[in-house]
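Novice: attaching a predicted model along with its sequence, questions to come.
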Amino acid sequence: MSIQKPSIPKGTRDFGPSQMAKRNYIFRHIRSTFEKFGFMPLETPTMENLSVLTGKYGEEGDQLLFKILNSGDFLKDVPEDKLKKDNAKALTFDIAEKGLRYDLTVPFARYVVMNQHEITFPFKRYQIQPVWRADRPQKGRYREFYQCDADVVGTDSLLCEAEIVLMIHEVFEKLQLSDYAIKINNRKILTAITEYIGAAGKESEFCVAIDKLDKIGLEKVNEELAQRGFSSEAIQKAQPFIVLKGTNEEKLSSLQATLGQLPSGEAGLSELQRVFDYLKAFGVSIPQVDFDITLARGLSYYTGAIFEVKVNNVSIGSVSGGGRYDNLTGVFGLPGVSGVGFSFGVDRLYDVLEELNLFPSEAHTSTQILIANFDSDSERFALPLLKKLREAGIRAEIFPESAKMKKQMNYADKKQIPFVLMAGPDEIASGQLGFKNMITGEQKALTFDQILALFN
RNA sequence: GUGGUUUUAGCUCAGUUGGUUAGAGCGCCUGAUUGUGGUUCAGGAGGUCGUGGGUUCGAGCCCCAUAUUCCACCCCA
């Protein structure tokens, strides 16, 4: 057998100990925030039946699904005529009946429908699991990445939207991020705009174009609108909306005169107003909240509020996003359940914190005390001490063999272990153990109880 | 999915028009120092030049294929 070079699939990564320490630092803060706001954990299978996943993310999304090849002779029951060349698409559902989850929201909706009789509504759940997308990878864009979702289903209350903003704010505060924007908009407002400019029904084309304003500028956006079949009159009428400026309140009131006349506009504007009112009622001021009329978001299931969070001055895209979906469970046979949720992208948050150098040194939690191993007698002497250290809640380990002191010290240094405990023949005889601080290099002779007392 | 880009030691990178034995810094190992890391000094190991083909007397360098990285589009966390 020839030796093969080991490799991992495109767009996936290994996470070593120091990376895991930093990732766990992010997970910790997100999880504790979700729990503080009353969300309960949920996990769903890595793979779903393909029929659960398809058709939920638009045509583009379906193409990004990873499909799982059926076991056994997967061609056995495929009709002859489907096996022709250039027929891969039609063949897909015959040879793959399962797929890897693309996000956490659709599996959640599936779970809600399957467990509707046990669930007490409103149902608040959080879910931290990896998702897979057959995207072309780039920086900050992976084929396997973690999402941290929090959703509430079974209530229309806009209090949920306000609490989502609060949770984002809290997590970012804990991660010491302050220069970011929580962009918020409402699908109903976008609908109203297309109606107002006389292009009703062309909402998604409109969204795709204006979503790029930041990136390509007004002129190109207008070009794109024209390309997508908007009349010059419609584009003209859309201008005031695209370039809308001012505070969130100013934007809302200036839109009242135009979009407020339309039912969808009225609904969208008042919903947004309610969210702002709730935030005010909480007594917090979150200057990062920005009503951005050009925020669109691609996922087709959003119907009300939409969110997106972007950290400023970094090379990474949005790190969080979400919105309200009025009828996600409808396709699974449970109509009339409204939900709202959002998701943190841990992998992108990681890249952001790394780029801004914001990981605290406490992010690495390693061993606190290493016990040096001199010989078999000292090893035997040390084991009860090691047990006592651990019982006191101290992260401790003994070097597993009586290697050269140089090697053991080097091990402690590389692993960033702050203290080394010396209990060799001399120390055992005198009862005074050597306790070395690896940061200062200072070494003291102390009894074991004195050492324990330092960590109480 | 479309177009481009990257790949040479563990890491970051040099490598001339195709020409002998492919280099550096850092890291790693050994010793100075058989009970002390991080500093210093001396020595050492480590490469199928992403992979598979091709052109050539001769390929790290040219050609083809493929993988991978990153970028733009598309879309998104």
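Specialist: Received it, and whenever you're ready, just let me know what you need.
Novice: going by C-alpha atoms from here, please, whenever you check contacts or count neighbours.
Specialist: Will do.
Novice: for A:F307, give the beta-bridge partners.
Specialist: Taking DSSP bridges as the rule, A:F307 bridges to A:I184, A:G322.
Novice: thought it was touching A:G322?
Specialist: Yes. Between A:F307 and A:G322 there is a contact under Cα atoms under 8 Å: 5.1 Å.
Novice: any shared contact partners between the two?
Specialist: Any residue near both A:F307 and A:G322 by Cα atoms under 8 Å, 6 or more residues apart in numbering counts here, and that gives A:F342.
Novice: contacting residues for A:L272?
Specialist: Neighbours of A:L272 in contact, by Cα under 8 Å, 6+ apart: A:N185, A:N186, A:A305.
Novice: would you quantify the distance from the first one to A:Y301?
Specialist: Which is A:N185. Computed as Cα to Cα, to the nearest Å, the A:N185 to A:Y301 distance reads 15 Å.
Novice: again, but for the second one
Specialist: In this structure, A:N186 and A:Y301 are 13 Å apart, going by Cα to Cα.
Novice: looking at the two, which one has more neighbours?
Specialist: Between A:N186 and A:Y301, counting by other Cα atoms under 10 Å, A:N186 is the more crowded of the two (26 against 16).
Novice: give the full set of residues in contact with the closest residue to the more buried one other than its chain neighbours.
Specialist: Excluding its sequence neighbours, the residue lying closest to A:N186 (Cα to Cα, 6 or more residues apart in numbering) is A:A305, at 4.2 Å. By Cα under 8 Å, 6+ apart, the contact list for A:A305 reads A:E161, A:I184, A:N185, A:N186, A:R187, A:E271, A:L272, A:G323, A:R324.
Novice: looking at the helix or strand hosting A:R31 now, give me its mean pLDDT.
Specialist: Per DSSP states H and E: A:R31 is located in helix A:17-36. Mean pLDDT, helix A:17-36: 93.
Novice: which strands or helices does it pack on?
Specialist: helix A:159-174, helix A:346-355 (3 or more Cα pairs under 8 Å, 6 or more residues apart in numbering; DSSP states H and E).
Novice: got CSV for those, with mean pLDDT and distance to RNA strand B too?
Specialist: What follows is those, written out as CSV (pLDDT from 0 to 100; distance: least, Cα to the nearest atom of the strand, whole Å):
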stretch, mean pLDDT, distance to RNA strand B
helix A:159-174, 96, 12
helix A:346-355, 91, 5
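Novice: format the ones you listed as CSV; extra columns: mean neighbour count and distance to A:Q236.
Specialist: Shown next, in CSV, are the helices and strands packed on helix A:17-36 (neighbours: other Cα atoms under 10 Å; distance: least, Cα to Cα, whole Å):
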stretch, mean neighbour count, distance to A:Q236
helix A:159-174, 19, 33
helix A:346-355, 19, 37
